[in-house]
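>>> 3D, please:
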Amino acid sequence: MPILQHITFLNTKRIILASQSPRRKTILNQIGLVNFLQMPSGFAEDLPKSEFNTPSEFAIETARHKAVDVWNVCTSTDTPPDLVIAADTVVIGPGEEILGKPLDKEDAFNMLRKLSGTTHSVISACAFCYRPKSSKSSKVDSNDISFATHTFAVAATVHFAPLSDAEIQAYVATQEPMGKAGSYGIQGIGGALISGIEGDYYTVMGMPLHGFCKEMQQVILPELL
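Numbering: from 1, shown residues only. The predicted structure is shown next:
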(Lines give C-alpha, C1' and ligand atoms only; values in the text may rest on other atoms or scores of the structure.)
Protein backbone atom coordinates (compact mmCIF):
# COMPACT_ATOMS: atom_id res chain seq x y z
CA MET A 1 0.00 0.00 0.00
CA PRO A 2 1.74 3.24 -1.19
CA ILE A 3 0.64 5.20 1.89
CA LEU A 4 3.29 3.31 3.86
CA GLN A 5 5.96 5.11 1.84
CA HIS A 6 4.67 8.41 3.19
CA ILE A 7 4.18 7.64 6.89
CA THR A 8 7.31 9.59 7.87
CA PHE A 9 5.97 12.59 5.95
CA LEU A 10 2.53 12.27 7.55
CA ASN A 11 4.12 12.21 10.98
CA THR A 12 5.46 15.72 10.29
CA LYS A 13 1.94 17.07 9.71
CA ARG A 14 -0.46 18.40 12.30
CA ILE A 15 -3.07 15.63 12.31
CA ILE A 16 -6.01 15.42 14.71
CA LEU A 17 -7.98 12.25 15.38
CA ALA A 18 -11.46 13.44 16.32
CA SER A 19 -11.97 10.60 18.76
CA GLN A 20 -10.89 9.54 22.21
CA SER A 21 -11.15 5.87 21.21
CA PRO A 22 -8.03 3.91 22.17
CA ARG A 23 -9.00 1.37 19.50
CA ARG A 24 -8.85 3.87 16.65
CA LYS A 25 -5.57 5.24 18.00
CA THR A 26 -4.12 1.72 18.08
CA ILE A 27 -5.23 1.02 14.50
CA LEU A 28 -3.50 4.15 13.19
CA ASN A 29 -0.40 3.41 15.28
CA GLN A 30 -0.31 -0.03 13.69
CA ILE A 31 0.72 1.45 10.31
CA GLY A 32 3.27 3.77 11.90
CA LEU A 33 1.07 6.87 12.13
CA VAL A 34 1.96 7.98 15.65
CA ASN A 35 2.41 11.74 15.68
CA PHE A 36 -1.17 12.93 15.97
CA LEU A 37 -3.38 14.44 18.64
CA GLN A 38 -6.65 13.02 19.91
CA MET A 39 -9.46 15.49 20.37
CA PRO A 40 -12.97 14.09 20.85
CA SER A 41 -15.69 15.92 18.98
CA GLY A 42 -18.33 17.88 20.82
CA PHE A 43 -20.94 16.85 18.26
CA ALA A 44 -23.95 15.35 20.04
CA GLU A 45 -24.30 12.40 17.63
CA ASP A 46 -28.05 12.87 17.60
CA LEU A 47 -28.89 13.00 13.91
CA PRO A 48 -32.43 11.70 13.22
CA LYS A 49 -31.96 8.20 11.80
CA SER A 50 -35.26 8.40 9.91
CA GLU A 51 -33.94 11.19 7.70
CA PHE A 52 -31.37 8.94 6.00
CA ASN A 53 -32.03 6.45 3.22
CA THR A 54 -29.35 4.01 4.36
CA PRO A 55 -27.34 3.28 7.51
CA SER A 56 -24.18 4.13 5.54
CA GLU A 57 -25.47 7.64 4.87
CA PHE A 58 -26.24 8.06 8.58
CA ALA A 59 -22.76 6.90 9.64
CA ILE A 60 -21.04 9.05 7.00
CA GLU A 61 -22.91 12.18 8.02
CA THR A 62 -22.22 11.58 11.71
CA ALA A 63 -18.51 11.15 10.97
CA ARG A 64 -18.52 14.29 8.83
CA HIS A 65 -20.12 16.33 11.63
CA LYS A 66 -17.46 15.09 14.04
CA ALA A 67 -14.63 16.04 11.70
CA VAL A 68 -16.00 19.50 10.91
CA ASP A 69 -16.68 20.21 14.58
CA VAL A 70 -13.06 19.46 15.55
CA TRP A 71 -11.74 21.32 12.49
CA ASN A 72 -13.64 24.45 13.51
CA VAL A 73 -12.38 24.20 17.09
CA CYS A 74 -8.78 23.72 15.95
CA THR A 75 -8.82 26.52 13.38
CA SER A 76 -9.76 28.98 16.10
CA THR A 77 -6.22 28.56 17.45
CA ASP A 78 -2.88 29.78 16.14
CA THR A 79 -1.94 26.30 14.86
CA PRO A 80 -4.66 25.03 12.52
CA PRO A 81 -4.44 21.36 11.53
CA ASP A 82 -3.40 19.92 8.22
CA LEU A 83 -5.84 17.05 8.57
CA VAL A 84 -8.69 15.99 10.85
CA ILE A 85 -9.79 12.35 10.82
CA ALA A 86 -13.13 11.23 12.25
CA ALA A 87 -15.00 7.93 12.26
CA ASP A 88 -18.36 6.55 13.24
CA THR A 89 -19.44 2.92 13.58
CA VAL A 90 -22.96 1.54 13.59
CA VAL A 91 -24.33 -1.98 13.89
CA ILE A 92 -27.36 -2.92 11.80
CA GLY A 93 -29.67 -5.13 13.82
CA PRO A 94 -32.77 -7.09 12.79
CA GLY A 95 -35.20 -5.05 10.72
CA GLU A 96 -32.39 -2.73 9.57
CA GLU A 97 -32.41 -1.05 13.00
CA ILE A 98 -29.34 1.14 13.53
CA LEU A 99 -27.74 0.23 16.84
CA GLY A 100 -25.36 2.80 18.25
CA LYS A 101 -23.80 3.01 21.69
CA PRO A 102 -25.95 1.76 24.58
CA LEU A 103 -27.49 4.30 26.91
CA ASP A 104 -27.08 2.05 29.96
CA LYS A 105 -26.70 -1.60 30.98
CA GLU A 106 -30.33 -2.40 30.25
CA ASP A 107 -30.01 -0.96 26.76
CA ALA A 108 -26.81 -2.96 26.22
CA PHE A 109 -28.57 -6.16 27.32
CA ASN A 110 -31.47 -5.54 24.95
CA MET A 111 -29.13 -4.86 22.00
CA LEU A 112 -27.16 -8.04 22.61
CA ARG A 113 -30.36 -10.04 22.89
CA LYS A 114 -31.41 -8.69 19.47
CA LEU A 115 -28.06 -9.66 17.96
CA SER A 116 -27.91 -13.11 19.56
CA GLY A 117 -27.80 -15.82 16.91
CA THR A 118 -28.00 -13.36 14.02
CA THR A 119 -25.90 -12.38 11.05
CA HIS A 120 -25.69 -8.61 10.94
CA SER A 121 -23.75 -5.79 9.29
CA VAL A 122 -21.30 -3.36 10.84
CA ILE A 123 -20.60 -0.09 9.02
CA SER A 124 -17.65 2.14 9.82
CA ALA A 125 -17.56 5.53 8.11
CA CYS A 126 -14.62 7.91 7.99
CA ALA A 127 -14.47 11.63 7.30
CA PHE A 128 -11.48 13.83 6.54
CA CYS A 129 -11.19 17.61 6.80
CA TYR A 130 -8.13 19.08 5.14
CA ARG A 131 -6.76 22.20 3.49
CA PRO A 132 -6.97 21.66 -0.28
CA LYS A 133 -4.39 22.93 -2.72
CA SER A 134 -7.21 24.44 -4.78
CA SER A 135 -10.54 25.97 -3.81
CA LYS A 136 -12.45 23.10 -5.39
CA SER A 137 -15.09 21.59 -3.07
CA SER A 138 -13.88 23.77 -0.24
CA LYS A 139 -15.69 25.79 2.37
CA VAL A 140 -14.51 28.76 4.36
CA ASP A 141 -14.97 28.96 8.10
CA SER A 142 -15.21 32.07 10.23
CA ASN A 143 -11.41 32.36 10.32
CA ASP A 144 -11.12 32.35 6.50
CA ILE A 145 -9.31 29.01 6.52
CA SER A 146 -10.62 27.01 3.59
CA PHE A 147 -11.18 23.31 3.99
CA ALA A 148 -12.53 20.37 2.05
CA THR A 149 -14.21 17.22 3.30
CA HIS A 150 -14.01 13.68 2.02
CA THR A 151 -15.98 10.70 3.32
CA PHE A 152 -16.35 6.98 2.74
CA ALA A 153 -17.88 3.94 4.45
CA VAL A 154 -17.07 0.24 4.60
CA ALA A 155 -19.37 -2.61 5.66
CA ALA A 156 -18.54 -6.00 7.16
CA THR A 157 -20.73 -8.96 8.08
CA VAL A 158 -20.66 -10.44 11.58
CA HIS A 159 -22.00 -13.85 12.60
CA PHE A 160 -23.08 -13.74 16.24
CA ALA A 161 -23.36 -16.89 18.33
CA PRO A 162 -26.64 -17.68 20.12
CA LEU A 163 -26.43 -16.30 23.67
CA SER A 164 -28.42 -17.12 26.78
CA ASP A 165 -29.66 -14.31 28.99
CA ALA A 166 -27.12 -15.38 31.62
CA GLU A 167 -24.28 -15.09 29.10
CA ILE A 168 -25.46 -11.65 28.03
CA GLN A 169 -25.72 -10.49 31.64
CA ALA A 170 -22.21 -11.78 32.37
CA TYR A 171 -20.83 -9.89 29.39
CA VAL A 172 -22.66 -6.67 30.28
CA ALA A 173 -21.26 -6.97 33.81
CA THR A 174 -17.73 -6.68 32.40
CA GLN A 175 -18.59 -3.08 31.36
CA GLU A 176 -17.04 -3.70 27.94
CA PRO A 177 -20.30 -3.08 26.00
CA MET A 178 -20.55 0.50 27.23
CA GLY A 179 -19.45 3.06 24.68
CA LYS A 180 -19.43 0.56 21.81
CA ALA A 181 -21.77 0.41 18.83
CA GLY A 182 -24.03 -2.61 19.12
CA SER A 183 -22.82 -3.11 22.71
CA TYR A 184 -19.85 -5.32 21.93
CA GLY A 185 -16.16 -5.06 21.13
CA ILE A 186 -14.69 -7.62 18.75
CA GLN A 187 -11.15 -6.82 19.92
CA GLY A 188 -11.94 -7.70 23.55
CA ILE A 189 -14.09 -10.15 25.47
CA GLY A 190 -16.80 -9.68 22.85
CA GLY A 191 -14.65 -11.59 20.36
CA ALA A 192 -15.77 -14.76 22.16
CA LEU A 193 -19.37 -14.06 21.10
CA ILE A 194 -18.56 -13.95 17.37
CA SER A 195 -18.41 -17.13 15.30
CA GLY A 196 -17.07 -15.44 12.19
CA ILE A 197 -16.85 -12.30 10.07
CA GLU A 198 -16.80 -11.48 6.38
CA GLY A 199 -14.87 -8.37 5.43
CA ASP A 200 -12.32 -6.16 7.15
CA TYR A 201 -11.84 -7.00 10.84
CA TYR A 202 -10.87 -3.39 11.50
CA THR A 203 -14.20 -2.18 10.14
CA VAL A 204 -15.87 -4.04 13.01
CA MET A 205 -13.26 -2.67 15.41
CA GLY A 206 -14.12 0.89 14.39
CA MET A 207 -11.67 2.06 11.70
CA PRO A 208 -11.59 0.33 8.28
CA LEU A 209 -7.82 0.18 7.92
CA HIS A 210 -7.53 -0.90 4.29
CA GLY A 211 -10.19 1.60 3.22
CA PHE A 212 -8.48 4.33 5.25
CA CYS A 213 -5.13 3.68 3.54
CA LYS A 214 -6.76 3.55 0.11
CA GLU A 215 -8.63 6.85 0.57
CA MET A 216 -5.57 8.51 2.05
CA GLN A 217 -3.50 7.40 -0.95
CA GLN A 218 -6.01 8.42 -3.61
CA VAL A 219 -7.53 11.59 -2.15
CA ILE A 220 -5.71 13.05 0.86
CA LEU A 221 -2.00 12.53 0.16
CA PRO A 222 -2.09 14.37 -3.20
CA GLU A 223 -3.44 17.38 -1.29
CA LEU A 224 -0.83 17.24 1.46
CA LEU A 225 2.31 16.37 -0.50
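
>>> end to end on stretch 192-205, go ahead and measure it.
By C-alpha to C-alpha, to the nearest Å, the extent of stretch 192-205 from end to end equals 14 Å.

>>> tell me the mean pLDDT for it?
Confidence over stretch 192-205 (mean pLDDT, whole number) is 96.

>>> in this protein, what helix or strand scores lowest on average pLDDT?
strand 138-140 (a mean of 44; mean pLDDT, DSSP states H and E).

>>> list the strands paired with whichever helix or strand comes after that one, with their directions.
Using DSSP states H and E, the next helix or strand after strand 138-140 towards the C-terminus is strand 146-160. Under the criterion DSSP bridges, strand 146-160 sits next to strand 119-130 (antiparallel), strand 138-140 (antiparallel), strand 194-198 (antiparallel) in its sheet.

>>> just the buried residues of strand 146-160, please?
Under the neighbour-count criterion of 16 or more other C-beta atoms under 10 Å, strand 146-160 has Phe147, Ala148, Thr149, His150, Thr151, Phe152, Ala153, Val154, Ala155, Ala156, Val158, Phe160 buried. Glycine gets a C-beta too; all of them are placed from N, C-alpha and C.

>>> in what helix or strand does the residue lying farthest from the centre of the chain lie?
Computed with C-alpha atoms, centre = their mean, the residue of the chain farthest from its C-alpha average is Ala166, at 30.4 Å. Assigned by DSSP H and E, Ala166 belongs to helix 165-173.

>>> on the three-state scheme, the spatially most central residue of the chain is what?
By C-alpha atoms, centre = their mean, the chain has its centre lying nearest to Ala87, at 2.6 Å. The three-state label given to Ala87 by DSSP: H, G, I helix; E, B strand; the rest coil is strand.

>>> quick one: Val91 is in a strand?
Yes: assessed by three-state DSSP, Val91 belongs to a strand.

>>> wait, isn't it in contact with Gly182?
Yes: the pair Val91 / Gly182 is scored as a contact, 3.0 Å apart, by C-beta atoms under 8 Å.

>>> okay, these two: which has more neighbours?
Gly182 (28 against 25; other C-beta atoms under 10 Å).
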